[in-house]
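[1] just the structure for this:
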Amino acid sequence: QLQLVESGGGLVQPGGSLRLSCAASGFTFGGSGVGWFRQAPGKEREAVACISSNGDLRNYVDAVKGRFTTSRDNAKNMVYLQMHSLKPEDTAVYYCAAGHIPCGLVEIDYDSWGQGTQVTVST
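    Predicted coordinates for the structure are as follows:
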């Protein structure tokens, strides 16, 4: 059974850092593009970043460029989202998703989703 599990969320002060992890089970991650999305309270889910199956293509939305970096370790079936200089507006539930596309920033590109991990940026 395909499963994605996010971890690494938590409470952090503005300006702080967190690293989210996305672990895959039931399939080989290495053949999938992976996207990161987030959903803030009262808002629709939005794209954050994506990474291609071999990691050579990465895209970020403007709101996180220069602050977030996504990477992957296919040998460990893991994808990561390193977040620096966090802002209160980054507060959201963060999701990873896998799909058979190189690197997409729309939900329709993905067919397997994790349950999400909460990130709260606050004093």
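[2] and the helix or strand where residue 24 lies, which strands flank it?
    According to DSSP states H and E, residue 24 maps onto strand 18-25. Here strand 18-25 is paired, per DSSP bridges, with strand 3-7 (antiparallel), strand 78-83 (antiparallel).
[3] and of the ones you listed, who's closest to residue 56?
    Residue 56 lies closest to strand 78-83 among the strands paired with strand 18-25, at 14.1 Å (C-beta to C-beta). Any C-beta I mention is one placed from the backbone N, CA and C, and that applies to glycine too.
[4] which of the strands paired with strand 18-25 sits most buried?
    strand 78-83 (a mean of 22; mean count of other C-beta atoms under 10 Å).
[5] how about residues contacting the very next helix or strand once past that strand?
    Downstream of strand 78-83, the next assigned helix or strand under DSSP H and E is strand 92-99. Residues outside strand 92-99 that contact it (C-beta atoms under 8 Å, 6 or more residues apart in numbering): 2, 4, 6, 9, 20, 22, 24, 27, 29, 32-41, 43, 45, 48, 79, 81, 107, 109-119.
[6] what angle sits between the strand holding residue 24 and strand 92-99?
    Strand 18-25 runs at 40 degrees relative to strand 92-99, counting by axes from the mean of the first three to the mean of the last three C-alpha atoms, to 10 degrees.
[7] please, which helix or strand holds the residue positioned nearest the centre of the chain?
    For the chain, residue 36 is the residue whose C-alpha lies nearest the centre (C-alpha atoms, centre = their mean; 2.8 Å). Assigned by DSSP H and E, residue 36 belongs to strand 33-39.
[8] list the buried ones in the strand holding residue 24?
    In terms of neighbour count (16 or more other C-beta atoms under 10 Å), strand 18-25 has its buried residues at 18, 20, 21, 22, 23, 24.
[9] nearest to residue 87 among the residues you listed?
    Nearest member of those to residue 87, counting by C-beta to C-beta, is residue 18, at 12.2 Å.
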